[in-house]
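Student: build the 3D model from these lines:
(one chain, ligands or ions: 2)
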Amino acid sequence: MSFFKTGRKPFLISGPCSVETREQVLETANALKGMPLSLFRGGVWKPRTRPGSFEGLGETALSWLREMKASTGLPVAIEVAETTHVELALEYGIDVLWIGARTTVNPFQVQRLADALKGVRIPVMVKNPVNPDADLWLGAIERMEQAGITDLAAVHRGFSAYKSTGYRNQPNWPIPIELKRRRRDLPIFCDPSHIAGSRDKVAQVAQKAMDMHFDGLMIEVHPRPEEAWSDAEQQMTPEALQALLDGLIIREQYVPGMGKGPELEYLRQIMDSLDAEIIDLLTRRMDLSIRIGEVKKASHMTAYQPDRWCEIVQTRSEQARKQGIPEDFIIALYEKIHHESIKKQLEILQENTGAA
Ligand code: PEP
Ligand code: MN
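Tutor: Numbers count the residues shown, from 1 in each chain. Ligands and ions are numbered 1, 2, ... in the order given. Here you go, the predicted structure:
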């Protein structure tokens with residue numbers, strides 16, 4: 001029986017970004033008690049970007065969490081980043097551990113945590129790495145599994161972006177969707193607080209996650225968010241969380257008698273045949289590319305020709321604009337198609353030349 005598979009949707013994890021004072025923990029937990037909460041969260045060791053910020057209260061915070069659990073009965077989750085954190089968490093009876101985004105990026109550290117968890121039966125959540133890499137995320141999950149952890153969930157908290165995108169961490173939805181495709185068995189939760197970065201956007205990201213068929217939500221709350229010692233902009237009051245939950249629409253993957261009904265079935269058949277045509281066209285395009293590669297080879301031309309690529313980008317994006325589909329989508333698609341063509345043509349140019 002999995003701790004994370006309650007059948008309740010969303011599986012709700014909430015609590016403060018950081019445990020700050022005994023009163024803050026008890027006040028928050030009491031306010032959350034009446035909500036459909038599955039797990040209380042609280043940061044005990046905080047990974048901070050710059051030194052000098054509040055880095056968590058460690059063992060003192062653990063003792064308050066233990067007290068809170070004794071009085072409310074709420075199970076507790078904390079982030080662990082060091083093997084000493086794992087040892088202390090177990091000593092204080094913490095129910096669930098999570099691996100933070102800044103740890104998931106580092107396979108050495110994930111392995112150290114996995115080694116510390118060998119033989120321990122505890123549910124673990126693995127947040128995505130800060131960079132958009134589904135394999136790295138999956139790798140951390142697999143390291144936990146190899147250590148014998150069977151009760152696992154993934155948490156999508158967004159990805160660092162070079163340019164500001166309006167979110168603190170850009171959601172990059174295709175990455176968690178790819179993870180879910182590869183691991184259908186794994187519950188996947190969304191942390192809209194760390195994606196949004198500001199409390200006014202949390203509800204909108206939470207709704208999107210529900211519409212993307214996520215299983216749960218991790219949302220930061222604080223009795224007085226503006227006074228919080230970490231992530232003050234994105235934490236919300238318990239009342240605001242209640243309002244968010246009240247407004248959340250939970251849609252079904254299939255609606256009985258409708259979702260699988262004739263209308264959807266018909267539209268899907270059309271979609272299937274369009275996709276088959278797309279793959280057919282791509283095959284023909286690739287064959288043409290090979291013939292062009294042979295001509296280039298015979299005429300001692302380079303495989304990649306910047307002018308031609310500029311022309312492709314310009315004409316295809318112009319057509320996209322006229323037809324009302326996003327130009328950046330078409331450019332990204334053509335980058336992939338063109339890259340594959342050039343790869344094939346390079347192979348042709350290098351055939352029988354001994355070049356690797
Ligand atoms: C957190 O949940 O408080 C946290 C630090 O998360 P992340 O690892 O996603 O940054
Ligand atoms: Mn936080």
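Student: quick one: residue 8 from ligand 1, how far?
Tutor: The gap separating residue 8 from ligand 1 is 21 Å, by C-beta to the nearest ligand atom, to the nearest Å. From N, CA and C alone the C-beta is placed, and that goes for glycine too.
Student: ok, residue 53 next?
Tutor: For residue 53, the distance to ligand 1 equals 12 Å [C-beta to the nearest ligand atom].
Student: got it, and residue 116?
Tutor: Counting by C-beta to the nearest ligand atom, the gap from residue 116 to ligand 1 is 18 Å.
Student: I'd say that residue and residue 81 touch.
Tutor: No. Using C-beta atoms under 8 Å, residue 116 makes no contact with residue 81, being 11.2 Å away.
Student: quick one: contacts for the residue of the stretch 51-200 of the chain found nearest ligand 1?
Tutor: When scored by C-beta to the nearest ligand atom, the stretch 51-200 of the chain has residue 100 as its residue closest to ligand 1, at 3.0 Å. Shown in contact with residue 100 (C-beta atoms under 8 Å, 6 or more residues apart in numbering): 47, 79, 81, 127.
Student: so how far is residue 97 from the nearest residue to it once chain neighbours are set aside?
Tutor: Taking C-beta to C-beta, 6 or more residues apart in numbering as the measure, residue 100 lies nearest to residue 79, with 4.7 Å between them; neighbours along the chain are not counted. Relative to residue 97, residue 79 is positioned 8 Å away (C-beta to C-beta, to the nearest Å).
Student: that older thread, for PyMOL, write the selection for the buried entries among the contacts of residue 100.
Tutor: In PyMOL, the members of the contacts of residue 100 classed as buried (16 or more other C-beta atoms under 10 Å) are selected with the following command:
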select buried, resi 79+81+127
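Student: for ligand 1, tell me which of the contacts of residue 100 show up nearby.
Tutor: When those are filtered against ligand 1 using C-beta under 6 Å from any ligand atom, the residues retained are 47, 127.
Student: Serialize the contacts of residue 100 to CSV and add fields for pLDDT.
Tutor: CSV is the format used below for these (pLDDT from 0 to 100):
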residue, pLDDT
47, 91
79, 98
81, 98
127, 98
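Student: strands - which of the contacts of residue 100 land there?
Tutor: Secondary structure from DSSP state E places 79, 127 of the contacts of residue 100 in strands.
Student: tell me which element the residue of the stretch 51-200 of the chain found nearest ligand 2 falls in.
Tutor: When C-beta to the ion is the measure, the stretch 51-200 of the chain has its nearest residue to ligand 2 at residue 194, with 6.1 Å between them. Using DSSP states H and E, residue 194 maps to helix 192-196.
Student: ok, residue 155 next?
Tutor: Per DSSP H and E, the secondary structure element for residue 155 is strand 152-156.
Student: can you name the element that comes right after that strand?
Tutor: Tracing the chain C-terminally past strand 152-156 and defining elements by DSSP H and E, one meets helix 174-182 next.
Student: can you list contacts of the next helix-or-strand element following that following helix?
Tutor: Scanning forward in sequence from helix 174-182 by DSSP H and E, the next helix or strand is strand 188-190. Strand 188-190 is touched from outside by 10-11, 13, 125, 153-157, 176, 179-180, 205-206, 209, 212, 214-218, with contacts defined as C-beta under 8 Å, 6+ apart.
Student: give me the domain ranges for this protein.
Tutor: For the chain, automatic domain parsing gives the domain ranges 11-251, 258-349.
Student: so which bits of the longest helix seen in the chain are buried?
Tutor: Criterion DSSP state H: the longest helix present in the chain is helix 262-298. Neighbour counts over helix 262-298 (16+ other C-beta under 10 Å) mark 289, 292-293, 296-297 as buried.
Student: how about the contacts made by whichever residue of the stretch 1-150 of the chain sits closest to ligand 2?
Tutor: Closest approach of the stretch 1-150 of the chain to ligand 2 (C-beta to the ion) occurs at residue 17, with a separation of 3.3 Å. Residues in contact with residue 17 (C-beta under 8 Å, 6+ apart) are 43, 46, 193, 220, 222, 228, 230-231, 234-235.
Student: go again with 7 Å.
Tutor: Residue 17 makes contact with 43, 220, 228, 230-231, 235 under the criterion C-beta atoms under 7 Å, 6 or more residues apart in numbering.
Student: which of those residues fall in helices?
Tutor: In this view, these have no member that belongs to helices under DSSP H.
Student: about what we covered before: give the pairing partners of the strand holding residue 155; include direction for each.
Tutor: Taking DSSP bridges as the criterion, strand 152-156 pairs within the sheet with strand 124-127 (parallel), strand 188-190 (parallel).
Student: the longest one: what's the following helix or strand?
Tutor: Once strand 124-127 ends, the next helix or strand along the chain (criterion: DSSP H and E) is helix 134-146.
Student: how about that following helix: buried residues?
Tutor: Within helix 134-146, judged by 16+ other C-beta under 10 Å, the buried ones are 134, 136-144.
Student: ok, so of those residues, who is nearest residue 253?
Tutor: Nearest to residue 253, judged by C-beta to C-beta, of the buried residues of helix 134-146 is residue 134 at 21.4 Å.
Student: quick check: pLDDT value at the closest residue to the closest one other than its chain neighbours.
Tutor: Taking C-beta to C-beta, 6+ apart, and ignoring the residues beside it in sequence, residue 134 has residue 178 as its nearest neighbour in space, at 4.7 Å. If you check residue 178, the pLDDT there is 90.
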